[in-house]
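> Sharing a model that was predicted from the sequence below.
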Amino acid sequence: MALQHVLQDLGVPISAFGEYTYTSLLTCCRTPKEARRIFQLMRDQNHAVSVYSWSILVDIHSKLGDFEGCGLVLKEMATHGHAPTQAAYTSLLAACYKVCSDSGRVPHAIRARAGEFGWRHWQEMKIVGIEPDVMAYGAI
């Protein structure tokens, strides 16, 4: 991993990283692949991937309009023992909105699928006891 080599060249001990360092690195990632590398670095250093880190990964997918990727990460969170957060659901809804509102470049069938996907997760969010906040309403 290039990041690991850069940090070693700078003399930064990766073993000294904590939750805040990893989440800061995650927020700098532009692609899910980059974020997965940080996840792997965390695991290599025996550092647990927190629910907050998972929510950041959902948001990275969201910024790309990858609503299905958001959904897969929500499922993956659950398999790792983390219930999806309000922030994770809101990011998923924002991805759906991003796709639905892009009528110029996104085919109708994909926009319709994103709308249905968002609505299904909106309902799921309420069923699991997460009350939508202003951000979630804005995303839907």
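That came in fine, so what should we check first? Numbering: from 1, shown residues only.
> Which of the helices or strands spans the residue nearest the centre of the chain?
The residue lying closest to the centre of the chain (CA atoms, centre = their mean) is Val58, at 1.3 Å. Taking DSSP states H and E as the definition, Val58 sits inside helix 51-63.
> can you dump the C-alpha coordinates of that helix into PDB?
The C-alpha trace of helix 51-63 is given here as PDB (Å, rounded to 0.1, in the frame of the first residue of the first chain):
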ATOM      1  CA  VAL A  51     -19.500   2.000  13.000                       C
ATOM      2  CA  TYR A  52     -18.400   5.500  12.200                       C
ATOM      3  CA  SER A  53     -15.800   4.200   9.700                       C
ATOM      4  CA  TRP A  54     -18.500   2.100   8.000                       C
ATOM      5  CA  SER A  55     -20.700   5.100   7.700                       C
ATOM      6  CA  ILE A  56     -17.900   7.000   6.000                       C
ATOM      7  CA  LEU A  57     -17.600   4.200   3.500                       C
ATOM      8  CA  VAL A  58     -21.400   4.500   2.800                       C
ATOM      9  CA  ASP A  59     -20.900   8.300   2.300                       C
ATOM     10  CA  ILE A  60     -18.000   7.700  -0.200                       C
ATOM     11  CA  HIS A  61     -20.300   5.500  -2.300                       C
ATOM     12  CA  SER A  62     -23.000   8.100  -1.900                       C
ATOM     13  CA  LYS A  63     -20.900  10.900  -3.300                       C
END
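> Which positions within it qualify as buried?
Residues of helix 51-63 classed as buried: Val51, Ser53, Trp54, Ser55, Ile56, Leu57, Val58, Asp59, Ile60, His61, Ser62 (neighbour count, 16 or more other CB atoms under 10 Å). Any C-beta I mention is one placed from the backbone N, CA and C, and that applies to glycine too.
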